[in-house]
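Novice: Dropping a prediction and its sequence here:
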Amino acid sequence: MSMLNDVQLMGRLTRDPELRYTTQGMAVAAFTLAVERKTKKDAEKQTDFIDIVAWRGTAEFVGKYFTKGQLVVVRGSLRTRTYEKDGTKRKVTEVNAEEVFFAEKKREGQSEGTASLPDGFEEVDCNEGDLPF
């Protein structure tokens, strides 16, 4: 029996992605998504802040084109890792991003090329009626 570990999230970046390179020259980008949690009608919206890590080409793409406040879609897998800091063991859960997509058109004031939709994607007006999914 195979196990399933597939995460799909849509949310806004809480800050610009942090792009770094490992000592071996591999790109790694870290960012946090603010994702609204489903709540009952009339209930106050709740937001989860999810840490995301992207590697290699995906990391370079995210570091080059994504900025704070942008609405994006992330597909990847959930990862848990442990490390020690100041003698205390710590546990981190994060999403290892395999794909990251734009989820909205370029907003006013953004520089050219930073938020255009990829070919085959179109903007959806979420304020008009129910979406079919």
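Specialist: That came through fine.
Novice: Return the distance of the residue of the chain most remote from its centre relative to Arg81.
Specialist: For the chain, the residue at maximal distance from the C-alpha centroid (CA atoms, centre = their mean) is Gly87, at 30.9 Å. Using CB to CB, to the nearest Å, one gets 18 Å for the distance from Gly87 to Arg81. (C-beta placed from N, C-alpha, C; glycine too.)
Novice: And Met3, by the same measure?
Specialist: Taking CB to CB, one finds Met3 at 18 Å from Arg81.
Novice: now do Lys89
Specialist: Distance from Lys89 to Arg81, counting by CB to CB: 11 Å.
Novice: So between those two, which is more surrounded?
Specialist: Legend: neighbour count by other CB atoms under 10 Å for Lys89 and Arg81, higher for Arg81 (11 against 8).
Novice: Can you spell out which residues form a bridge with Thr32?
Specialist: Note on Thr32: beta-bridge partners by DSSP bridges are Asp51.
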